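>>> sequence first, predicted coordinates after that:
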Amino acid sequence: MKTLIAGQISLILCCIFYLLWWRAGFYPGVTVSRVTGRVGILLYITAALGVLGVILSVTGANHIVAGKDIISGTAVLIGDVLVYIVLLLGSRFLLHRQVTTELFLIVGWSMLMILAAGKVYSADAINDRSFIAMLIIIAVAAALSMIFYLAYYNVSPMRGYIYGMIPLITEAFSMLIFTVMLVIGALNR
């Protein structure tokens with residue numbers, strides 16, 4: 001459980017540094033290199049924390065001993081790929097939206113969180129209400145992320161700048177709630 005918690009904390013920090021990078025590199029009217037200098041350092045810290053967070057979260061979830069997993073990792077992975085393809089094609093060809101890395105990140109984050117929540121629930125580390133609440137929180141965060149992702153290029157630069165931050169905030173907040181659930185569950189064991 002400690003490894004999963006460390007992974008979630010790393011991903012929360014990733015979101016914070018992503019927000020800092022977004023602030024420094026995407027503020028309307030400001031032109032800077034987004035990959036070099038101080039702004040670039042924020043990007044590389046973001047990427048390092050993200051990779052570390054995913055590795056720790058997946059490793060941590062995979063090492064949790066559960067009798068029978070309530071959610072099939074294979075089913076979620078296949079579903080994730082299918083959802084990504086549908087959203088990629090739909091956003092590109094139906095909505096004529098430029099596809100960016102954020103689509104992959106939103107769908108991948110959702111998959112990771114569903115798998116982690118399912119694993120800790122299967123191991124009785126969170127109760128029924130917490131599990132259902134977490135699934136709802138993940139769904140709301142993913143839906144909000146997609147709404148603001150899709151709207152980004154159709155609004156003013158300042159509004160787009162704000163819209164670009166909302167997925168990071170909702171996902172960080174979701175992981176914070178999940179981390180608190182895990183810590184409380186661990187303390188009550």
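Great, that's in hand.
>>> next helix or strand past the host helix or strand of G25?
Counting by DSSP states H and E, the element that carries G25 is helix 2-26. Sequence-wise, the next helix or strand downstream of helix 2-26 (DSSP H and E) is helix 37-62.
>>> for that following helix, packing partners?
In terms of contacts (3 or more C-beta pairs under 8 Å, 6 or more residues apart in numbering; DSSP states H and E), helix 37-62 is packed against helix 2-26, helix 101-122. (C-beta placed from N, C-alpha, C; glycine too.)
>>> what packs against the helix holding G25?
Judged by 3+ C-beta pairs under 8 Å, 6+ apart, helix 2-26 is in contact with helix 37-62, helix 101-122, helix 157-187.
>>> let me know which of those is the nearest to W22.
helix 157-187 (5.8 Å; C-beta to C-beta).
>>> between that closest one and helix 101-122, how many degrees?
Counting by axes from the mean of the first three to the mean of the last three C-alpha atoms, to 10 degrees, helix 157-187 lies at 20 degrees to helix 101-122.
>>> give me the most central residue, this protein.
Computing the C-alpha centroid of the chain and ranking residues by C-alpha atoms, centre = their mean puts W109 first, at 3.5 Å.
>>> buried ones in stretch 98-112, by neighbour count?
By neighbour count with 16 or more other C-beta atoms under 10 Å, stretch 98-112 contains the buried residues 102-103, 105-107, 109-112.
>>> neighbours of V54, how many?
For V54, the count of nearby residues is 17 (other C-beta atoms under 10 Å).
>>> please apply the same query to R92.
If you count neighbours by other C-beta under 10 Å, R92 ends up with 13.
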